[in-house]
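Participant: the following block contains a protein sequence and its predicted model.
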Amino acid sequence: MTSVGRLLERHKKEFNDLDAILLLQKLESVGVISADERRQLQEVASSSKRTDGLITIISSKGYSAFQDLCLSLESVCPHLLTKFALDIAGSESDGPSSTNNLKLGLQLALKERDSALRENAAAVQQRESALRQYSKMKHERDRALANLESLSPKLSNRDLDVSPSPENGDC
């Protein structure tokens, strides 16, 4: 069994628990599996057997298929992707494949970090937009109050200048 196959086998339970339909659609869209393979896997009643079939397919297609699987997992099941990265980084095997595995693990960790940074930046932009809108509304309110206050003395003076006219003969 290949190192990809061993890694997938170690995380078989998590594969059983995730949304297989969405993952299979993503894998088909990036060309990891064919439409026939997707259909065959979807028709399998047991999630355990579906996982076994997926592991067999990914293992047989090699490391590039595993990388595409990881990219698909990024949107479907990011926590499983993190487990892969930690498992790869913690593996004790030596040689060029472990360097590639470590490199992939670091790339995945960086992608997760970048995703979190993008979400944070979007939240900051929303906050700044809300603050600008608040400031604009506050300025409009202050202008409206100032206009009312400037009208208020004019109204008061007009009310004061209106005095009853003296009636004839009462003087």
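Facilitator: Arrived safely.
Participant: so which elements touch the single longest helix found in the chain?
Facilitator: When the chain is scanned for its longest helix (criterion: DSSP state H), the result is helix 96-161. On a contact count with 3 or more C-beta pairs under 8 Å, 6 or more residues apart in numbering; DSSP states H and E, helix 96-161 meets helix 63-76, helix 78-90. C-beta coordinates here come from the backbone N, C-alpha and C atoms, glycine included.
Participant: tell me the most buried of those?
Facilitator: Most buried of those by mean neighbour count (mean count of other C-beta atoms under 10 Å) is helix 63-76; its value is a mean of 18.
Participant: pull out the buried positions in stretch 132-148.
Facilitator: By neighbour count on 16 or more other C-beta atoms under 10 Å, the buried set for stretch 132-148 is empty.
Participant: how about the CA coordinates for that stretch, as CSV?
Facilitator: Written as CSV, here are the backbone C-alpha positions of stretch 132-148 (Å, rounded to 0.1, in the frame of the first residue of the first chain):
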residue,chain,number,x,y,z
ARG,A,132,-18.5,55.2,7.9
GLN,A,133,-22.3,54.8,7.5
TYR,A,134,-22.8,55.6,11.2
SER,A,135,-20.6,58.7,11.0
LYS,A,136,-22.4,59.9,7.9
MET,A,137,-25.8,59.4,9.6
LYS,A,138,-24.5,61.1,12.8
HIS,A,139,-23.3,64.1,10.7
GLU,A,140,-26.7,64.3,8.9
ARG,A,141,-28.5,64.2,12.3
ASP,A,142,-26.3,67.0,13.7
ARG,A,143,-27.0,69.1,10.6
ALA,A,144,-30.7,68.6,10.9
LEU,A,145,-30.6,69.5,14.6
ALA,A,146,-28.6,72.6,13.8
ASN,A,147,-31.1,73.6,11.1
LEU,A,148,-34.0,73.1,13.6
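Participant: what mean pLDDT does it have?
Facilitator: Averaging pLDDT along stretch 132-148 gives 94.
Participant: rewinding a little: among the helices and strands packed on helix 96-161, which is nearest Asn16?
Facilitator: Nearest to Asn16, of all the helices and strands packed on helix 96-161, is helix 78-90, at 11.1 Å by C-beta to C-beta.
Participant: re earlier: comparing the helices and strands packed on helix 96-161, which yields the minimum mean pLDDT?
Facilitator: Sorting the helices and strands packed on helix 96-161 by mean pLDDT places helix 78-90 lowest, at a mean of 71.
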